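Trainee: The following comprises the amino acid sequence and a computationally predicted model.
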Amino acid sequence: MTHTGGDEMIDYQIILDNTSSMMSNSLKKKNHWTNKVHEAVVIMSKEGEFGFELKGGAEIGQFPYFGEVKQGKAAVQSGKLAQSELLLEVNNTAVAGLTTRDVLAVIKHCKDPVRFKCVKQGGVVDKDLRHYLNLHFSKGSVDHDHQQIIRDNLYLRTVPCTTRQPKEGEVPGVDYNFVSTERFMELEQSGALLESGTYEGPEP
(Lines give C-alpha, C1' and ligand atoms only; values in the text may rest on other atoms or scores of the structure.)
Protein backbone atom coordinates (compact mmCIF):
# COMPACT_ATOMS: atom_id res chain seq x y z
CA MET A 1 0.00 0.00 0.00
CA THR A 2 1.41 3.39 -1.06
CA HIS A 3 0.76 6.77 0.58
CA THR A 4 1.76 9.99 -1.13
CA GLY A 5 1.21 12.37 1.79
CA GLY A 6 4.32 13.12 3.84
CA ASP A 7 2.58 12.80 7.21
CA GLU A 8 0.84 9.58 6.17
CA MET A 9 4.15 8.08 5.05
CA ILE A 10 5.73 8.92 8.43
CA ASP A 11 2.80 7.35 10.30
CA TYR A 12 3.00 4.26 8.10
CA GLN A 13 6.74 3.97 8.74
CA ILE A 14 6.22 4.26 12.51
CA ILE A 15 3.63 1.47 12.41
CA LEU A 16 6.04 -0.75 10.48
CA ASP A 17 8.87 0.01 12.92
CA ASN A 18 6.69 -0.76 15.95
CA THR A 19 5.47 -4.01 14.40
CA SER A 20 9.04 -5.05 13.61
CA SER A 21 10.11 -4.25 17.19
CA MET A 22 7.23 -6.28 18.66
CA MET A 23 8.07 -9.25 16.43
CA SER A 24 11.74 -9.02 17.43
CA ASN A 25 10.90 -8.94 21.15
CA SER A 26 8.52 -11.86 20.72
CA LEU A 27 11.22 -13.87 18.95
CA LYS A 28 13.74 -13.09 21.70
CA LYS A 29 11.32 -14.31 24.37
CA LYS A 30 10.61 -17.47 22.38
CA ASN A 31 14.33 -18.21 21.99
CA HIS A 32 15.22 -17.41 25.61
CA TRP A 33 17.13 -20.23 27.32
CA THR A 34 14.45 -20.59 30.03
CA ASN A 35 12.06 -21.93 27.39
CA LYS A 36 14.46 -24.85 26.88
CA VAL A 37 14.51 -25.90 30.55
CA HIS A 38 13.14 -29.42 30.98
CA GLU A 39 12.39 -31.70 33.91
CA ALA A 40 13.57 -35.22 34.66
CA VAL A 41 11.86 -37.24 37.40
CA VAL A 42 14.15 -39.90 38.87
CA ILE A 43 13.82 -42.64 41.50
CA MET A 44 16.92 -43.74 43.38
CA SER A 45 18.25 -47.25 42.76
CA LYS A 46 18.29 -49.92 45.47
CA GLU A 47 21.98 -49.17 45.93
CA GLY A 48 21.12 -45.54 46.71
CA GLU A 49 22.38 -44.18 43.39
CA PHE A 50 20.86 -41.78 40.88
CA GLY A 51 23.02 -42.96 38.02
CA PHE A 52 24.98 -39.83 37.22
CA GLU A 53 28.21 -38.05 38.07
CA LEU A 54 27.81 -34.47 39.29
CA LYS A 55 30.49 -32.05 38.13
CA GLY A 56 31.17 -28.31 38.35
CA GLY A 57 30.02 -26.40 41.41
CA ALA A 58 30.60 -22.94 42.83
CA GLU A 59 33.91 -24.00 44.37
CA ILE A 60 35.43 -23.94 40.87
CA GLY A 61 33.29 -21.11 39.49
CA GLN A 62 30.85 -23.30 37.57
CA PHE A 63 27.19 -24.23 37.44
CA PRO A 64 26.57 -27.79 38.66
CA TYR A 65 26.23 -30.04 35.62
CA PHE A 66 25.92 -33.72 34.77
CA GLY A 67 29.02 -35.72 33.99
CA GLU A 68 28.67 -39.34 32.92
CA VAL A 69 25.09 -40.61 33.02
CA LYS A 70 25.04 -44.33 33.78
CA GLN A 71 22.10 -46.09 32.19
CA GLY A 72 20.25 -48.60 34.36
CA LYS A 73 21.57 -47.22 37.66
CA ALA A 74 18.33 -45.38 38.44
CA ALA A 75 14.76 -45.35 37.19
CA VAL A 76 13.88 -42.27 35.17
CA GLN A 77 10.11 -41.90 35.43
CA SER A 78 9.85 -39.07 32.94
CA GLY A 79 12.14 -36.82 30.94
CA LYS A 80 15.82 -37.64 30.57
CA LEU A 81 19.22 -36.92 32.06
CA ALA A 82 21.86 -35.85 29.56
CA GLN A 83 25.61 -35.50 29.99
CA SER A 84 26.93 -31.90 30.17
CA GLU A 85 23.50 -30.37 30.86
CA LEU A 86 23.30 -27.79 33.64
CA LEU A 87 21.41 -28.69 36.81
CA LEU A 88 19.30 -25.70 37.89
CA GLU A 89 16.85 -27.04 40.48
CA VAL A 90 16.30 -30.08 42.68
CA ASN A 91 12.69 -30.44 43.84
CA ASN A 92 12.15 -26.69 43.28
CA THR A 93 15.31 -25.76 45.22
CA ALA A 94 17.65 -23.61 43.12
CA VAL A 95 21.15 -25.13 43.21
CA ALA A 96 23.12 -22.84 40.89
CA GLY A 97 25.73 -21.10 43.04
CA LEU A 98 26.04 -24.00 45.48
CA THR A 99 29.12 -26.18 45.88
CA THR A 100 28.99 -29.74 44.55
CA ARG A 101 28.94 -31.00 48.12
CA ASP A 102 25.91 -28.86 48.97
CA VAL A 103 24.05 -29.89 45.80
CA LEU A 104 24.59 -33.56 46.66
CA ALA A 105 23.35 -32.86 50.19
CA VAL A 106 20.15 -31.33 48.77
CA ILE A 107 19.63 -34.40 46.58
CA LYS A 108 20.34 -36.80 49.44
CA HIS A 109 17.68 -35.22 51.65
CA CYS A 110 14.98 -35.43 48.97
CA LYS A 111 12.38 -38.17 49.00
CA ASP A 112 11.61 -40.20 45.88
CA PRO A 113 10.82 -39.24 43.24
CA VAL A 114 13.32 -36.42 42.78
CA ARG A 115 12.65 -33.73 40.17
CA PHE A 116 15.63 -32.23 38.37
CA LYS A 117 15.29 -29.11 36.24
CA CYS A 118 18.01 -29.05 33.60
CA VAL A 119 19.00 -27.11 30.51
CA LYS A 120 21.42 -27.70 27.67
CA GLN A 121 24.50 -25.47 27.68
CA GLY A 122 24.63 -22.80 25.01
CA GLY A 123 24.28 -19.09 24.38
CA VAL A 124 23.96 -17.06 27.56
CA VAL A 125 24.23 -20.04 29.89
CA ASP A 126 27.14 -22.43 29.90
CA LYS A 127 28.98 -23.96 32.83
CA ASP A 128 31.01 -20.78 33.42
CA LEU A 129 29.35 -19.14 36.42
CA ARG A 130 31.68 -16.12 36.32
CA HIS A 131 30.66 -15.33 32.75
CA TYR A 132 26.94 -15.43 33.54
CA LEU A 133 27.26 -13.32 36.70
CA ASN A 134 29.24 -10.65 34.84
CA LEU A 135 26.55 -10.16 32.20
CA HIS A 136 24.27 -7.13 32.57
CA PHE A 137 20.50 -7.66 32.47
CA SER A 138 17.55 -5.34 33.02
CA LYS A 139 16.28 -5.21 36.58
CA GLY A 140 13.20 -7.41 36.93
CA SER A 141 14.15 -9.67 34.00
CA VAL A 142 14.35 -13.44 34.39
CA ASP A 143 18.14 -13.40 34.09
CA HIS A 144 18.57 -10.56 36.59
CA ASP A 145 16.44 -12.45 39.13
CA HIS A 146 18.35 -15.66 38.43
CA GLN A 147 21.66 -13.89 39.03
CA GLN A 148 20.39 -12.75 42.43
CA ILE A 149 19.37 -16.30 43.37
CA ILE A 150 22.87 -17.50 42.43
CA ARG A 151 24.47 -14.76 44.53
CA ASP A 152 22.29 -15.68 47.50
CA ASN A 153 23.46 -19.30 47.19
CA LEU A 154 27.09 -18.23 46.84
CA TYR A 155 26.97 -16.20 50.04
CA LEU A 156 25.87 -19.27 51.99
CA ARG A 157 29.45 -20.56 51.67
CA THR A 158 31.52 -17.68 50.35
CA VAL A 159 33.25 -15.05 52.48
CA PRO A 160 33.58 -11.95 50.27
CA CYS A 161 36.80 -9.95 50.03
CA THR A 162 36.99 -6.20 50.54
CA THR A 163 39.74 -3.58 50.59
CA ARG A 164 37.99 -1.33 53.11
CA GLN A 165 38.74 -1.28 56.82
CA PRO A 166 36.65 -3.46 59.18
CA LYS A 167 33.62 -1.81 60.75
CA GLU A 168 32.84 -2.19 64.43
CA GLY A 169 31.69 -5.73 65.19
CA GLU A 170 32.87 -7.26 61.90
CA VAL A 171 34.97 -10.40 62.23
CA PRO A 172 37.77 -11.03 59.68
CA GLY A 173 37.24 -14.34 57.87
CA VAL A 174 33.59 -14.46 58.93
CA ASP A 175 31.98 -11.27 57.66
CA TYR A 176 34.68 -10.40 55.12
CA ASN A 177 38.23 -11.23 54.16
CA PHE A 178 39.95 -7.86 54.56
CA VAL A 179 42.75 -7.57 52.01
CA SER A 180 44.98 -4.86 50.60
CA THR A 181 44.20 -3.26 47.24
CA GLU A 182 47.29 -4.96 45.78
CA ARG A 183 46.13 -8.38 46.99
CA PHE A 184 42.63 -7.75 45.67
CA MET A 185 44.02 -6.90 42.23
CA GLU A 186 46.11 -10.08 42.27
CA LEU A 187 43.03 -12.17 43.06
CA GLU A 188 41.01 -10.43 40.35
CA GLN A 189 43.69 -10.85 37.68
CA SER A 190 44.21 -14.52 38.56
CA GLY A 191 40.50 -15.28 38.06
CA ALA A 192 40.02 -16.31 41.68
CA LEU A 193 37.05 -13.96 42.15
CA LEU A 194 33.62 -14.90 40.82
CA GLU A 195 32.66 -11.23 40.70
CA SER A 196 34.36 -7.94 41.45
CA GLY A 197 33.44 -4.29 41.41
CA THR A 198 34.05 -0.88 42.91
CA TYR A 199 31.67 0.77 45.33
CA GLU A 200 32.06 4.40 46.26
CA GLY A 201 30.50 4.71 49.70
CA PRO A 202 28.80 7.84 51.06
CA GLU A 203 30.91 10.78 52.10
CA PRO A 204 31.90 10.60 55.81
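Mentor: All right, it came through fine.
Trainee: Can you give me the domain assignment for the protein?
Mentor: With domains defined by automatic domain parsing, the chain comprises 36-153, 159-190.
Trainee: which of those sits most buried?
Mentor: Highest mean neighbour count of these: domain 36-153, a mean of 16 (counted as mean count of other Cβ atoms under 10 Å). In short, each C-beta sits where N, CA and C put it, glycine included.
Trainee: can you map out the strands along this structure?
Mentor: Applying DSSP state E to the chain gives strands spanning 38-43, 52-56, 64-69, 75-78, 86-90, 93-94, 114-119, 161-162, 177-178.
Trainee: wait, which of the ones you listed is closest to Gln148?
Mentor: For the strands of the chain, the distance to Gln148 is smallest for strand 93-94, at 10.4 Å, taking Cβ to Cβ.
Trainee: low-confidence ranges in this protein?
Mentor: Scanning the chain for pLDDT under 70 picks out the ranges 1-29, 72-74, 157-159, 173-175, 177, 187-188, 190-204.
Trainee: Minimum distance to Lys30: which of the domains of the chain has it?
Mentor: domain 36-153 (10.5 Å).
Trainee: And that closest one, end to end?
Mentor: Separation of the first and last residues of domain 36-153 by Cα to Cα, to the nearest Å is 23 Å.
Trainee: do the same with stretch 34-45
Mentor: Taking Cα to Cα, stretch 34-45 runs 30 Å from one end to the other.
Trainee: what's it in contact with?
Mentor: Outside of stretch 34-45, the residues within contact range by Cβ atoms under 8 Å, 6 or more residues apart in numbering are 29, 50-51, 73-81, 88, 112-120, 142.
Trainee: How about stretch 96-113?
Mentor: So stretch 96-113 is contacted by 41-44, 50, 54-59, 63-64, 77, 86-88, 90-91, 93, 95, 114, 129, 146, 149-154, 156-157 (Cβ under 8 Å, 6+ apart).
Trainee: go again using 6 Å as the cut-off
Mentor: 41, 43-44, 54, 57-59, 63-64, 77, 88, 90-91, 93, 95, 150, 153-154, 157 (Cβ atoms under 6 Å, 6 or more residues apart in numbering).
Trainee: With that, I have no additional questions.
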